[in-house]
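Colleague: for reference, the sequence and a predicted model appear below.
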Amino acid sequence: MKNDGRAVYDAKARHMAEQMMLAEQRHIAQRIEDECDCKEGMFPQRGLSSRRGFLFAAGSAAGALGAMRLAHAEAAKAPPGAVHFDVPDDPTKEQGRPVAADGGYGSRSQFETEVRVRFPTANENTSWSFTPLDKGLGNITPSGLHFERHHGGIPTIDPARHTMLIHGMVNKPTTFSMTDIKRLPSVTRKHFIECSGNGLTEWNKPTLKTVQGTHGLLSTSEWTGVQFATFAREVGLKEGAAWVLAEGSDAAVMTRSIPLEKMLKDALIVYGQNGEAIRPEQGYPLRLLLPGYEGNTHIKWLRRLEVSDKPFMTREETSKYTDLLGNGKARMFSLDMDAKSVITFPSGDMKLPGPGFYNIQGLAWTGRGRIQSVDVSMDGGKTWYPARIDSAPEPMCTVRFSFPWLWDGKAAVLQSRCIDETGYVQPTLKQLIAIRGDNGPFGSIYHLNAIQSWAVSETGDVSNVHA
Amino acid sequence: MSTHKKSLALAIGALLFSTAAGAQSIIDHYGFGKPATDQEMAKYFAIPPSGKGLPPGSGTAKAGATVFAENCAACHGDKLEGNPAKGIGGDKLLGGRGTLASKAPVKTVESYWPYATTLFDYIKRAMPFSAPGSLTDDQVYSVVAYILSEGKVIKPTEVMNAQTLPKVAMPNRDGFIPDSRPELELYK
């Protein structure tokens, strides 16, 4: 796609985008890939081959030996979240590890290497990290791979000392301890959280290579907690109450104003994620969960809810999470996440070994209810075919979809588009830009829910394109 | 509280002793939690555009220049121009008026922020980055006055306090519109 007439990157934005591209490159290079033949070629092998290349390039026997030792030392280091064990020649000929030798809490296999990647903002305390969607299986994001967005680092909070105050336009201002909260009836629901900045680098030109970079600020968990409605009855809402300020106890003391209507509809005060306490990065011990709302509103480390008649116009909801349009006006309280889908396999930086069968896979989600259907196209949106929905659609939750594709070896452009239960159809990037303009290096930054295109070349290389 | 406990006890009693077939009682008040004291609630703040909850105290740009130099300039620059250096990444605070509808919009306190109360709230809440919430209310009023004065939003001599701050007319006060999604243009 041509860039004429479009905004060009200013120095700061170019620097940011370049840093992210470099970080992504480093991440790709570091990946220790699955050597299983069944996957050979289908996933990026660059990290491995470059290491092999280094081995051969070392030339002399001594050099090769040194390089081998290096490679061994590297392999001995288990990836994050794993513990290294020597691999026996035949696991049926010796006893395995004793039961509970892990201290009672298991870790993932040392052969599983996917990790979150941080966007290289200048400051590491106010930054974000992406979920490796290309490696995701099923619908739930492992808690340790849930995307992160922090504005003042990750606080360490003792649940025994943590409380949540509800006050403002209520009859009985009340402080709840974690014990109080856990005594209340709870619900358990699966919901996605998506940062409204997901894909911000992709407005004006295809920038990042992988789906982790383009769509990785999306994660899905099973959440457990108490409905806000339960708390509302405990404290009693006063006439005229219309908004609720939520406040976190991190160094940013993050605040957002939420419409009371939303709070009473489906807001949850959650302490559980995927069957255990929510992770520190996700707000331990308590966070707000607003199904289908932009991620920033799901206040982590939740310590306070103040009921009010008007929004507070906090820094996040005025200067940051607002959408500047082409005419210079900015949308405020753009809270719903619109319907969106993406193909995660094959996706950017993968390589297809040759013509044949590929099970296209992806994720679709909407902040306005359930996903109704998903279509895929292999010719850049000229022809659409219905995809299979591989998981049961639930409100404000991702679904996994797939499509059996027999690749003929010719160049192709893969796309997916979803339709949610309201009948909303995921738009093209062109449609969104026509409405919102393309001012600034990152366009209107937030709420990019356009159809994603992956080009497959005749050699099987998959790349991020605007088509 | 005691009435809550009573209603809970009654509800449980109803569940245990009700003999009517299918009779159920839904507990709608549990009475958990402690009544919040005024002292406890006074620890918190969130300042809306009305200025409700602004603390006593005041500040001027002159005093704010010193506060800024000592607490803010390292990250936001001597001229409030920001500092993108690794490990810092402080936002640019000034400039950008008239750029919002251009190809290169610059969003700063001066050009974009709709309410001066937000600036007070945010600085008191989360700044300076290395010691969040450590400034006194007078220091916050002062540094707010300094930033607004440097941005030519207020006069250098204006005093910022609980009465004057909510009245500050930010340049982009009318620059915001409600969310208009789902966009009508997508339904044709």
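Modeller: The structure has been received and is ready for your questions.
Colleague: pop the domain breakdown of chain B in here.
Modeller: Using automatic domain parsing, the domain ranges for chain B come out as B:2-35, B:58-167.
Colleague: which one of the ones you listed lies nearest to residue A:326?
Modeller: When the domains of chain B are compared by C-beta to C-beta, domain B:58-167 sits nearest residue A:326, at 7.1 Å. All C-beta spots, glycine's among them, are computed from the backbone N, C-alpha and C.
Colleague: that older thread, so can I have TSV of the domains of chain B showing distance to chain A?
Modeller: As requested, those are arranged in TSV below (distance: least, C-beta to the nearest C-beta, whole Å):
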stretch	distance to chain A
domain B:2-35	4
domain B:58-167	3
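Colleague: quick one, helices of the stretch 101-250 of chain A?
Modeller: Assigned by DSSP state H, counting those that start in this stretch, the stretch 101-250 of chain A shows helices spanning A:178-183, A:211-215, A:228-235.
Colleague: mind giving me the packing neighbours of the second one?
Modeller: Using 3 or more C-beta pairs under 8 Å, 6 or more residues apart in numbering or on different chains; DSSP states H and E as the contact criterion, the elements in contact with helix A:211-215 are helix A:11-30, strand A:340-345.
Colleague: hmm, 10 Å instead?
Modeller: Counting contacts by 3 or more C-beta pairs under 10 Å, 6 or more residues apart in numbering or on different chains; DSSP states H and E, helix A:211-215 is packed against helix A:11-30, strand A:127-130, strand A:340-345, strand A:356-365, strand A:462-465.
Colleague: is chain B contacted by the fourth one?
Modeller: It refers to strand A:356-365. No. Shown here: strand A:356-365 not in contact with chain B (C-beta under 10 Å from any C-beta of the partner chain), separated by at least 15.4 Å.
Colleague: quick one: distance of that strand to the chain centre.
Modeller: In terms of C-alpha atoms, centre = their mean, to the nearest Å, the centre of strand A:356-365 is found 18 Å from the chain centre.
Colleague: give the contact list for the residue in the stretch 51-200 of chain A positioned nearest to chain B.
Modeller: Here the stretch 51-200 of chain A gets closest to chain B at one residue, residue A:122, 3.0 Å apart by C-beta to the nearest C-beta. When contacts are counted by C-beta atoms under 10 Å, 6 or more residues apart in numbering or on different chains, residue A:122 touches A:12, A:15-16, A:19, B:75, B:83-90.
Colleague: so what's residue A:191 up against?
Modeller: Contacts of residue A:191 (C-beta under 10 Å, 6+ apart): A:219-223, A:266, A:268, A:270, A:289-293, A:298, A:365, A:367, A:394-398.
Colleague: for the residue nearest the centre of chain B, what is the enclosing helix or strand?
Modeller: Of all residues in chain B, the one closest to the mean position by C-alpha atoms, centre = their mean is residue B:121, 4.2 Å from it. Assigned by DSSP states H and E, residue B:121 belongs to helix B:116-126.
Colleague: which helices and strands does that helix pack with?
Modeller: strand A:255-259, helix A:315, helix B:137-150, strand B:160-161.
Colleague: any idea which of these gets closest to residue B:170?
Modeller: For these, proximity to residue B:170 was assessed by C-beta to C-beta; helix B:137-150 is nearest, at 8.5 Å.
Colleague: tell me what the closest one is packed against?
Modeller: strand B:58-59, helix B:61-71, helix B:116-126, strand B:160-161.
Colleague: possible to save the ones you listed as CSV with distance to residue B:167?
Modeller: Putting those into CSV (distance: least, C-beta to C-beta, whole Å) gives the following:
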stretch, distance to residue B:167
strand B:58-59, 14
helix B:61-71, 16
helix B:116-126, 9
strand B:160-161, 10
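Colleague: export those as TSV, with columns for mean pLDDT and distance to residue A:467.
Modeller: TSV is the format used below for the helices and strands packed on helix B:137-150 (pLDDT from 0 to 100; distance: least, C-beta to C-beta, whole Å):
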stretch	mean pLDDT	distance to residue A:467
strand B:58-59	98	55
helix B:61-71	98	49
helix B:116-126	98	41
strand B:160-161	98	53
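Colleague: hey, C-alpha coordinates of stretch A:369-377 in PDB?
Modeller: The C-alpha coordinates for stretch A:369-377 follow below in PDB (Å, rounded to 0.1, in the frame of the first residue of the first chain):
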ATOM      1  CA  GLY A 369     -21.400 -10.000  23.100                       C
ATOM      2  CA  ARG A 370     -20.600 -13.200  21.300                       C
ATOM      3  CA  ILE A 371     -18.900 -13.900  18.000                       C
ATOM      4  CA  GLN A 372     -21.600 -15.000  15.500                       C
ATOM      5  CA  SER A 373     -19.400 -16.200  12.600                       C
ATOM      6  CA  VAL A 374     -15.900 -15.900  11.100                       C
ATOM      7  CA  ASP A 375     -15.000 -15.900   7.400                       C
ATOM      8  CA  VAL A 376     -11.600 -16.400   5.900                       C
ATOM      9  CA  SER A 377     -10.200 -15.300   2.600                       C
END
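Colleague: touching chain B at all, that stretch?
Modeller: No. Judged by C-beta under 10 Å from any C-beta, stretch A:369-377 makes no contact with chain B; its nearest approach is 12.1 Å.
Colleague: how close does residue A:188 sit to residue B:116?
Modeller: 44 Å (C-beta to C-beta, to the nearest Å).
Colleague: who's more crowded, those two?
Modeller: residue B:116 (27 against 12; other C-beta atoms under 10 Å in any protein chain shown).
Colleague: how about the contacts made by the more buried one?
Modeller: Going by C-beta under 10 Å, 6+ apart, residue B:116 touches B:47, B:49, B:51, B:109, B:144-145, B:147-148, B:153-154, B:160, B:164-170, B:173.
Colleague: just those residues: which are in strands?
Modeller: Those of the contacts of residue B:116 mapping onto strands are residue B:160, per DSSP state E.
Colleague: in helices, which of the contacts of residue B:116 appear?
Modeller: Using DSSP state H, the subset of the contacts of residue B:116 located in helices is B:144, B:145, B:147, B:148.
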